[in-house]
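>>> Predicted model and sequence below, questions to follow.
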Amino acid sequence: MICPFKNKPRWARRKDARPQELLAAALDLFVERGYAATRLEDVAAQAGVSKGTLYLYFTNKEELFKAVVRENMLPVLNEAEETIDQYEGTSAELFREFILGWWERIGATKLSGITKLMMAESGNFPEVTQFYHDEVISRSNAIIIRMLERGIARGEFRSIDVVQANKVICAPIIMLMMWKHSFNACQNEPISPENYLNCFIDLLLRGMLADTTAPSASLDSPC
């Protein structure tokens, strides 16, 4: 019996899956090689399609990168915004869940490599940088500021400069992602994300709390 698919190229058999396969291949190559070194023909080859097929869905590399970010990052931001709107627990508990959830969904995955890419190549690709800032960084900052303002309004956090506090909060998370994609591979004692984040949360919350009593649900893993 002759298999009807034997001589057909792989991309001819999975038309509906093509965009997702292209985005998955693009994410892999962007993280592995960076933005400048990623070629569309390599993305197409890794996805098992022709370069011409790729152009049916994405007109150029910039549009492909934007689609990768929108497909993978924006749903996480949407979920975080909805969580803040609906959350009924304390602001300390919300903060802990947000930080650990962000690491689980972004930091611990290959998506953290996008952050490294932007840090390394942003100066050479201003249009891509502006896009990433507008659609990811700005929304992430707004989410953190909303959490801080929620805690202050409820009397759970003391009054602080939330704009500057947001920058202080983001910096250690970015550092952990950068470390993951660089020195962590060659360290005799690599950083444990769990221990690092628990220590970070403990230090932050004890500095923001309206009084010196730590909420038991939030500070169960001090550094």
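Now that the structure is in, tell me what you want to look at. Numbers count the residues shown, from 1 in each chain.
>>> Would you verify that E149 is located in a helix?
Yes - counting by DSSP: H, G, I helix; E, B strand; the rest coil, E149 falls inside a helix.
>>> quick one: pLDDT of it?
pLDDT for E149: 97.
>>> P172 falls within a helix, correct?
Yes - the assignment for P172 by three-state DSSP puts it in a helix.
>>> and F65, what does it touch?
26, 30, 35, 128 (CB atoms under 8 Å, 6 or more residues apart in numbering). All C-beta atoms are positioned from the backbone trio N, CA, C, and that covers glycine.
>>> between these, which has the most around it?
Within the contacts of F65, most neighbours by other CB atoms under 10 Å means A26, with 25 neighbours.
>>> can you pull the contacts of that residue?
38, 43, 64-65, 67-68.
>>> Now with 10 Å, please.
38, 40, 42-44, 46-47, 54, 58, 61, 64-65, 67-68, 71 (CB atoms under 10 Å, 6 or more residues apart in numbering).
>>> Put the buried members of those into a ChimeraX selection.
Buried members of these, defined by 16 or more other CB atoms under 10 Å, are picked up in ChimeraX with:
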select :38,40,42,43,44,47,54,58,61,64,65,67,68
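>>> Can you tell me which of the contacts of F65 is closest to G113?
F30 (7.2 Å; CB to CB).
>>> if you skip the residues just before and after it, what's nearest to the closest one?
Excluding its sequence neighbours, the residue lying closest to F30 (CB to CB, 6 or more residues apart in numbering) is T38, at 5.4 Å.
>>> And I152, by the same measure?
Per CB to CB, 6+ apart, closest to I152 is S159, 5.8 Å.
>>> Next up, identify which helix or strand the one you found is on.
Per DSSP states H and E, S159 falls between elements, in no helix or strand.
>>> Tell me where the protein has helices.
Listed in chain order, the helices of the chain (DSSP state H) span 18-33, 40-47, 51-57, 61-72, 74-86, 91-102, 112-121, 126-132, 138-153, 162-180, 193-208.
>>> how's this structure carved up into domains?
Recorded structural domains for the chain (assignment: automatic domain parsing) are 10-67, 73-208.
>>> still on that earlier bit, export the helices of the chain as JSON lines, with columns for distance to C186.
JSON lines is the format used below for the helices of the chain (distance: least, CB to CB, whole Å):
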{"stretch": "helix 18-33", "distance to C186": "17"}
{"stretch": "helix 40-47", "distance to C186": "27"}
{"stretch": "helix 51-57", "distance to C186": "35"}
{"stretch": "helix 61-72", "distance to C186": "27"}
{"stretch": "helix 74-86", "distance to C186": "29"}
{"stretch": "helix 91-102", "distance to C186": "26"}
{"stretch": "helix 112-121", "distance to C186": "16"}
{"stretch": "helix 126-132", "distance to C186": "28"}
{"stretch": "helix 138-153", "distance to C186": "29"}
{"stretch": "helix 162-180", "distance to C186": "11"}
{"stretch": "helix 193-208", "distance to C186": "17"}
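>>> Report the backbone C-alpha coordinates of stretch 163-183 in PDB.
C-alpha atoms of stretch 163-183 as PDB (Å, rounded to 0.1, in the frame of the first residue of the first chain):
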ATOM      1  CA  VAL A 163       7.200  54.900  40.100                       C
ATOM      2  CA  GLN A 164      10.600  54.500  41.600                       C
ATOM      3  CA  ALA A 165       9.600  51.400  43.500                       C
ATOM      4  CA  ASN A 166       8.500  49.800  40.300                       C
ATOM      5  CA  LYS A 167      12.100  50.200  38.900                       C
ATOM      6  CA  VAL A 168      13.600  48.800  42.000                       C
ATOM      7  CA  ILE A 169      11.300  45.800  41.800                       C
ATOM      8  CA  CYS A 170      12.000  45.100  38.100                       C
ATOM      9  CA  ALA A 171      15.700  45.300  38.300                       C
ATOM     10  CA  PRO A 172      16.400  42.000  40.300                       C
ATOM     11  CA  ILE A 173      13.900  40.100  38.100                       C
ATOM     12  CA  ILE A 174      15.700  41.300  35.000                       C
ATOM     13  CA  MET A 175      19.100  40.400  36.600                       C
ATOM     14  CA  LEU A 176      17.800  36.800  37.300                       C
ATOM     15  CA  MET A 177      16.700  36.400  33.700                       C
ATOM     16  CA  MET A 178      20.100  37.700  32.400                       C
ATOM     17  CA  TRP A 179      22.000  35.400  34.800                       C
ATOM     18  CA  LYS A 180      19.900  32.400  33.600                       C
ATOM     19  CA  HIS A 181      21.000  33.000  30.000                       C
ATOM     20  CA  SER A 182      24.700  33.700  30.800                       C
ATOM     21  CA  PHE A 183      26.600  32.800  33.900                       C
END
